[in-house]
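Build me a model:
(2 chains)
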Number of protein chains: 2
Amino acid sequence: MDRQIVKPSILPGFMELLPADQIAFNQMLDTIRTNFERFGFIPLDTPTIEKADVLLAKGGGETEKQVYQFTKGDNDLVLRFDLTVPLARYVAQHFPELAFPFRRYHIGKVFRGERNQKGRFREFYQCDIDIIGANKLSLINDAEIPSIIYATFKGLGFDSFTIRINNRKLLNGFFDSLNIEDRSGVLRTIDKLDKIGTEAVIEELQKLGVSGAAVDRILDFIGIKGSNEAILTSLQKLAIPNPLFNEGLEELAQVIHYIKCFNVPEGNLAIDLTIARGLDYYTGTIYETILNNYPGIGSVCSGGRYDNLAGYYTKQQLPGVGISIGLTRLFYQIQEAKIIELNQASTLAQVLIVPMNTDIEASIAVANRLREAGIVAELYFEETKLDKKISYANKLGIPFVIFLGEDELQSGLLSLKEMATGEQSRMDVEGIIAKIKS
Amino acid sequence: MDRQIVKPSILPGFMELLPADQIAFNQMLDTIRTNFERFGFIPLDTPTIEKADVLLAKGGGETEKQVYQFTKGDNDLVLRFDLTVPLARYVAQHFPELAFPFRRYHIGKVFRGERNQKGRFREFYQCDIDIIGANKLSLINDAEIPSIIYATFKGLGFDSFTIRINNRKLLNGFFDSLNIEDRSGVLRTIDKLDKIGTEAVIEELQKLGVSGAAVDRILDFIGIKGSNEAILTSLQKLAIPNPLFNEGLEELAQVIHYIKCFNVPEGNLAIDLTIARGLDYYTGTIYETILNNYPGIGSVCSGGRYDNLAGYYTKQQLPGVGISIGLTRLFYQIQEAKIIELNQASTLAQVLIVPMNTDIEASIAVANRLREAGIVAELYFEETKLDKKISYANKLGIPFVIFLGEDELQSGLLSLKEMATGEQSRMDVEGIIAKIKS
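Here you go, the predicted model:
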């Protein structure tokens, strides 16, 4: 009976990893999680599938086009496309049962039916933290966030990265002072500075109806460089008589001061007046994180302060501040550009126990003892030639192999082979435990 | 401007937890993962969304009715409904790149549009391990599996549970010896013994056309009780001249022997000739796990041996053995029946640092030091009355609170309050670290 074979494959735009890469990916997830937890964030998990009318309450824009939406029975369903809207829904729904400030992290998959292109994924992990206040939220939370970014990216193995920081009030106040109405258009244009260059930015600003004098002032403004202190001083010297601008400036100065208290090195932190982060969501501090040697990748961790998380779900004012790491895309970039060294082993096992003939019971006893001692031990039961057993350990990258044969059983001393050196020695189980642990 | 408020809610049949329960749930996930890893299983992650024609290659039955299937652009998509079919697809697709036996675990959400009823979930976590061989797989793997079940359920806090074990060859050989053709029908009927009782089973067997003599022999067979050794002896005494029966009996005896080598206590292991596990998938050893004091819940961890994992995707023969824990449903049952004690705290924080007035910088310095020492520390920045700050720690269940005021700053000794006892003492940061860690 010949069965019809279906060619096994997955959809384009979905990431699936081989064991070594999967282990590396999970190690990164663990590092991110550990750091989020160390700062007192609690885990949250929300359904992958939600009601379409609830999750798309805000509606419009790119989101609705990209979302995976479908029906089942009478229900109109969507797959979550980010972790922020589910957070808003969760906080609004469970408000009386939560304590505020509500510090949560959420690591999970989100889904966007984007146009298929290299390095873009339709299903990807987001790693988010947010701190949500009831009615108000201290500005010092905005200063703690960069210390979490710093700890996390150091933990992931990155050395040369910059947390860029800006403030939307500062930007908006500045544009107000120039009587610019199309803030969004100007922000979008400024955001493109790195990509299209100064001349093209000038041209675009003029097209937006910005006067020549205003264009000059905008260029002067985004041209302010130097140390964080120097930038703050330059901004003060502008002496712009706009309350929003000055509120933003005061916030930025305070946030920078407290970030230093959190021990973020000056070299990993830069005020950058050109970053704007989206258009209508953020209302204060904004963050981007750039890998200094790979600016083309763009921001690998972004976020900011918002006035109201859940206006579509509750009249309760819920200000917050948060960041997001898109790990699937970041992992792809790391692999493409070999940015950091990733795990190479296709196993978590520290040792493989190989019965030579039929010494199964003795081998199992050794495995029991090693596992009891917290060592990840694997047994190789298959009947095959010795070199095939060793090549199994080699292929997976298991660092140690224990052999059990007649000699070993009689002497009570096991043969331990260190795969990296090929060195082989005889010792008892406790000796092996000490050796592997060292 | 009054914005339209959408009532925040989720779909029925989806689990969403409050922080304390979420922490408890994640602790269980971690325990399961740690145990799976300790036995040398490697992690796998596959896409949530797959091609419908690939994932539904087997087709038919209940699966197709329950699956979440939809289109996006030209693609016909499904959400994965278990972790076994994606494993089959993965192993077939990546066969040349994997080392065998391939020991993988997969913990992830699966989706089934089941009819809505209490305790049934449409989105739930499965925690699976499988060991897949290329062409062949040693029977001793079947004996290692119960030791993983045992370690995992002990680790989860369960004491009184029984791993039930049986063998499909034994069952099928027995039915063959009675010339029963409708094995499936008989298996289904026997499976119902606990629910419907002996009389009803007899009636059903007769309806299936089983002769009176055969019914008697079936009842004798499933009536075999006693210690595992006694059951094996009784089975041998039956002296049934059927090769499949005797192959199954030999396998069962060997598996029981080796399970004991893996230190699974006799009291947690029982041969049970009435368990059958599904109909066409398993071909040898089968497992169920019962909480002794909650038999009504049914099996909380099931699985078995199969001859061929991926016949729909490859001609490569892939025998395997595996188990699955449905954690979402198990968690629901634990909550309903208070089976084990779950975490009560709504936080992972070990200590809350509370600046009394404006001693923000000093408080941050304390947090930096505690976090450096590996303590999960949280800062309370909000300006509010002291009793509200303390009630925040209380509501979350943070065990320690540090106060920093004028006195503390001048003396260098911080006030530490132990929330459970109300006891308050003065000590320096290093003293606090030692206290919290102890």
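
secondary structure class for the residue most central in space within chain A?
In chain A, the residue lying closest to the centroid (C-alpha atoms, centre = their mean) is A:Ile325, at 2.5 Å. Classification of A:Ile325 by DSSP: H, G, I helix; E, B strand; the rest coil places it in strand.

Excluding covalently adjacent residues, which one is nearest to it?
A:Cys127 (4.3 Å; C-beta to C-beta, 6 or more residues apart in numbering or on different chains). Placement of C-beta: from N, CA and C, glycine included.

ok but the one you found is inside a helix, no?
No - under three-state DSSP, A:Cys127 falls outside any helix and is assigned strand.

number of nearby residues for it?
By the measure other C-beta atoms under 10 Å in any protein chain shown, the count of residues near A:Cys127 is 23.

Wait, it touches A:Lys109, no?
No - assessed by C-beta atoms under 8 Å, A:Cys127 is found out of contact with A:Lys109, at 10.9 Å.

Let me see the contact set for the residue nearest to A:Ile325.
A:Leu29, A:Ile32, A:Arg33, A:Phe36, A:Tyr105, A:His106, A:Ile107, A:Ser324, A:Ile325, A:Gly326, A:Leu327 (C-beta atoms under 8 Å, 6 or more residues apart in numbering or on different chains).

element containing the first one, please.
Taking DSSP states H and E as the definition, one finds A:Leu29 inside helix A:19-38.

Report the secondary structure state of the residue in the stretch 301-438 of chain A positioned nearest to chain B.
Minimum separation of the stretch 301-438 of chain A from chain B (C-beta to the nearest C-beta) falls at A:Glu378, amounting to 3.2 Å. Following three-state DSSP, A:Glu378 is assigned to strand.

what are the bridge partners for it, then?
Judged by DSSP bridges, the bridge partners of A:Glu378 are A:Leu352.

Count the neighbours of it for me.
The tally of other residues near A:Glu378 (other C-beta under 10 Å) stands at 27.

Give me the pLDDT for it.
A:Glu378 carries a pLDDT score of 97 in this model.

Isn't it up against B:Gly40?
Yes - using C-beta under 8 Å, A:Glu378 is in contact with B:Gly40, at 3.2 Å.

Now do the shared contacts for those two.
A:Thr347, A:Ala349, B:Arg103.

Quick one: the helices in the stretch 1-150 of chain A, in order.
A:19-38, A:52-55, A:61-66, A:84-94, A:140-156 (DSSP state H, counting those that start in this stretch).

buried stuff in the fourth one?
It refers to helix A:84-94. A:Thr84, A:Val85, A:Pro86, A:Leu87, A:Ala88, A:Arg89, A:Tyr90, A:Val91, A:Ala92, A:Gln93 (16 or more other C-beta atoms under 10 Å in any protein chain shown).

neighbours of the residue lying closest to A:Tyr150 once chain neighbours are set aside, just the number please.
Leaving out its chain neighbours, the residue that sits closest to A:Tyr150 by C-beta to C-beta, 6+ apart is A:Val264, at 4.8 Å. Using other C-beta under 10 Å, A:Val264 has 21 other residues around it.

for A:Ser425, same thing?
13.

before we move on, the earlier item: what residues are up against the residue nearest to the centre of chain A?
A:Ile32, A:Gln126, A:Cys127, A:Asp128, A:Thr152, A:Val300, A:Cys301.

As JSON lines, these with pLDDT would be great.
Shown next, in JSON lines, are the contacts of A:Ile325 (pLDDT from 0 to 100):
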{"residue": "A:Ile32", "pLDDT": "98"}
{"residue": "A:Gln126", "pLDDT": "98"}
{"residue": "A:Cys127", "pLDDT": "98"}
{"residue": "A:Asp128", "pLDDT": "98"}
{"residue": "A:Thr152", "pLDDT": "98"}
{"residue": "A:Val300", "pLDDT": "97"}
{"residue": "A:Cys301", "pLDDT": "97"}
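
if we take the residues you listed, which one ends up nearest to B:Ala253?
For these, the closest approach to B:Ala253 (C-beta to C-beta) belongs to A:Ile32, at 48.3 Å.

distance of the closest one from B:Asp182?
Per C-beta to C-beta, to the nearest Å, A:Ile32 is found 54 Å from B:Asp182.

Leaving out sequence neighbours, find the closest residue to A:Gly155.
A:Thr31 (4.6 Å).

quick one: low-confidence parts of chain A?
Counting by pLDDT under 70, chain A shows low-confidence ranges at A:1-3, A:60-61, A:278-279.

was I right about A:Ile432 contacting A:Ile402?
Yes - with contact defined as C-beta under 8 Å, A:Ile432 counts as touching A:Ile402 (6.6 Å).

now the helices for the stretch 201-350 of chain A?
A:212-222, A:228-238, A:243-261, A:327-337.

what about those helices, which gets the closest to chain B?
helix A:243-261 (4.3 Å).

still on that earlier bit, could you check which of A:Ile32 and B:Asp182 is surrounded by more residues?
More neighbours surround A:Ile32 than the other of A:Ile32 and B:Asp182, with 23 against 14 (other C-beta under 10 Å).

Pull the contacting residues for that one.
By C-beta under 8 Å, 6+ apart, the contact set of A:Ile32 is A:Ile107, A:Cys127, A:Thr152, A:Gly155, A:Leu156, A:Ile325, A:Leu327.
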